[in-house]
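S.K.: what follows is a predicted structure for the sequence shown.
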Amino acid sequence: MSHNNTSLNTLDKTHFLHPFTDFKEYKATDTAIYTKAEHIYIYDEAGKELIDGMSGLWCCNLGYSQPKINEAISNQLNSLPFYNSFFQCTTDVTVKMAKALVDISPAQFNHVFFTNSGSEANDTNIRLVHRYYDLLGKPSKKIFISRHGAYHGSTIAAGSLGGFSGMHKQYTGLSYVEHIGQPNWFTEGGDMDKAEFGIKVAQELAAKIDELGEENVAAFIAEPIQGAGGVIVPPETYWPEISRICKERDILLISDEVICGFGRTGDWFGAQTFGFEPDLMTFAKAVTNGYQPLGGVLVSDKVADVLSADGGEFTHGFTYSGHPAACAAGIATIDILKNDKVIENAAADIMPYFQAQLRTLESHPIVGEVRGMGMVAALEIAKNNSAKERLAPDCAGGAMVKTHAINHGLMVRSVGDAIVTAPPMVCNREEIDLLIARLTIALDYTAKHYGIKT
Ligand code: PMP
């Protein structure tokens, strides 16, 4: 794949500072510029086709060919391209989108606060929760507990909530965020069985709250399945125990559904799949199928009732909170998911098929574990398929599999040695077979490079 002489490539390298990129290294590497997408395929400027095994950036759960969403956005731009929701007003579609979200959410959620992104939504969580406890007369409850390896966004507040040490090193984080371990049985489980390990890791939350003092702790935030941190699927025992601890100790529970929401785990929200009842839920990405930037927080009655009492103005919001074009895209996305029963159908067929086919790779000599649920999964690249030994230092094995996958027409992501894939839910079985075939080629090439027979 070589595009280095094209003018777009030169312009890109000359002018565009990409997110999460080593700017110096980027100038020296071959990159792809995508110009077209259809269904589950993306095409670069040279016309090379790839299966998008990442749904954009975990956004396009319905793939790229949804004319009803295009139409809704364009109609909205023609009738009311923008109006705001400050100062005693709003737009018709913004209200309708709030209602659409409440209708598909668990019963405790009847209110929505809109933002433009997941990061802003998690900042909003901090503002909402601090306000909630202030109004309850518990102003010392300020600390948020999160998990190592979590990703909650890239603003200073959301980055502080996240557990990426590489990010923390580049700014001064919030002083009131603490981190506990993640339920990564593959790397941390040792000889424990999964159920026992799930309880043990959840108990870290109880210990942390007790150490900090319940009167100082406001909330625990986590993704039902940790996504960007490497698709860490918790043992079944984990979430019930976390939920029990939060209730027992008067700590608000926030489910960051930015990746898990809108069908990824086989339900509307990951919290439903894992059977817990959060007080707040962060959403973004797939809420508009990635077609427009939109995020927000679903706020439970427990929290909304306190904020809506006699507290005065909540001094927070964004110019584009509830942008009409984004809300129109969101309404159309929810309509398709609902009317076409996309989530139910996927949960009954393509999701179990995807998981089962991926697990056939467990016997590949450089695959240590296949984990996943619904339409999200990770393969841990390891030295042999029965040991937790790394294939190569510095996660070079994972990086090589990713490069070969992309070169052979499959977009995946590598997180350490984990190869992550989260394709659109609208794939059919043949397309999953093709995804697996391309992934297998990448595994075979990598094994060969390291002298391992396949
Ligand atoms: N939370 C989670 C779980 C995420 O995966 C992300 C983005 N990958 C965010 C929050 C931040 O969302 P955004 O990039 O829209 O700010």
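M.R.: Structure's in. What do you need?
S.K.: who are the packing partners of the lengthiest helix in the chain?
M.R.: Criterion DSSP state H: the longest helix present in the chain is helix 429-449. Counting by 3 or more CB pairs under 8 Å, 6 or more residues apart in numbering; DSSP states H and E, the packing neighbours recorded for helix 429-449 are strand 49-52, helix 350-359, helix 396-407, strand 410-411, strand 418-421. Yep, even glycine has a C-beta here, placed from its N, CA and C like the rest.
S.K.: in TSV: the ones you listed, plus mean pLDDT.
M.R.: Rendered in TSV, the data for these read as follows (pLDDT from 0 to 100):
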stretch	mean pLDDT
strand 49-52	98
helix 350-359	98
helix 396-407	97
strand 410-411	98
strand 418-421	97
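S.K.: got the buried residues for the longest helix of the chain?
M.R.: Buried residues in helix 429-449, counting neighbours by 16 or more other CB atoms under 10 Å, are found at 431-432, 434-436, 438-447, 449.
S.K.: what residues does that helix touch?
M.R.: 40, 51, 53, 349-350, 353-354, 357-358, 360-361, 364-367, 379, 381, 391, 397, 400-405, 407-410, 412, 419, 421, 423, 427, 453-454 (CB atoms under 8 Å, 6 or more residues apart in numbering).
S.K.: got the phi and psi for T91?
M.R.: Here the main-chain torsion angles of T91 (degrees, to the nearest 10) amount to phi -120, psi 160.
S.K.: not counting sequence-adjacent ones, nearest residue to the most centrally placed residue in the chain?
M.R.: Ranked by distance to the mean C-alpha position of the chain (CA atoms, centre = their mean), the top residue is I259 at 2.5 Å. Computed as CB to CB, 6 or more residues apart in numbering, the closest residue to I259 that is not its neighbour in sequence is G227, at 3.7 Å.
S.K.: what's the spacing between that neighbour and Y132?
M.R.: Distance of G227 to Y132, computed by CB to CB, to the nearest Å: 27 Å.
S.K.: same check on P139?
M.R.: The gap separating P139 from Y132 is 11 Å, by CB to CB.
S.K.: tell me the contacts of S55?
M.R.: For S55, the contacting residues are N61, G63, A286, G290, A422, P423, P424, taking CB under 8 Å, 6+ apart as the criterion.
S.K.: redo the residues you listed as CSV? Include distance to V297, secondary structure and neighbour count.
M.R.: As requested, the contacts of S55 are arranged in CSV below (distance: CB to CB, whole Å; DSSP: H, G, I helix; E, B strand; the rest coil; neighbours: other CB atoms under 10 Å):
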residue, distance to V297, secondary structure, neighbour count
N61, 20, coil, 28
G63, 27, coil, 22
A286, 16, helix, 27
G290, 19, coil, 23
A422, 23, coil, 27
P423, 27, coil, 26
P424, 25, coil, 28
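S.K.: quick one, helices of the stretch 201-350 of the chain?
M.R.: 238-248, 270-274, 301-307, 324-339, 342-348, 350-359 (DSSP state H, counting those that start in this stretch).
S.K.: can you tell which of the ones you listed is closest to the ligand?
M.R.: Distance to the ligand, taken as CB to the nearest ligand atom, is lowest for helix 270-274 among the helices of the stretch 201-350 of the chain, at 9.8 Å.
S.K.: if we ignore the residues flanking it in sequence, what's nearest I126?
M.R.: Excluding the flanking residues, the one nearest I126 by CB to CB, 6+ apart is A157, at 5.6 Å.
S.K.: now for the one you found: which residues touch it?
M.R.: N122, D123, I126, L174.
S.K.: what about N339, how many residues close to it?
M.R.: Look at N339: counted by other CB atoms under 10 Å, it has 9 neighbours.
S.K.: tell me where the model's unsure across the stretch 351-454 of the chain.
M.R.: Under the criterion pLDDT under 70, the flagged ranges of the stretch 351-454 of the chain are 386-387.
S.K.: one step back: can I get the contacts of A157 in TSV with pLDDT?
M.R.: Compiled in TSV, these are given as follows (pLDDT from 0 to 100):
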residue	pLDDT
N122	98
D123	98
I126	98
L174	98
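S.K.: restrict the residues you listed to those near the ligand?
M.R.: Intersecting those with the contacts of the ligand gives N122 (criterion: CB under 6 Å from any ligand atom).
S.K.: of the contacts of A157, just say which sits nearest to A100.
M.R.: Nearest to A100, judged by CB to CB, of the contacts of A157 is N122 at 21.9 Å.
S.K.: returning to what we had before: using a markdown table, lay out the helices of the stretch 201-350 of the chain together with distance to Y83.
M.R.: Formatted as a markdown table, the helices of the stretch 201-350 of the chain follow (distance: least, CB to CB, whole Å):
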| stretch | distance to Y83 |
| --- | --- |
| helix 238-248 | 38 |
| helix 270-274 | 32 |
| helix 301-307 | 24 |
| helix 324-339 | 7 |
| helix 342-348 | 31 |
| helix 350-359 | 39 |
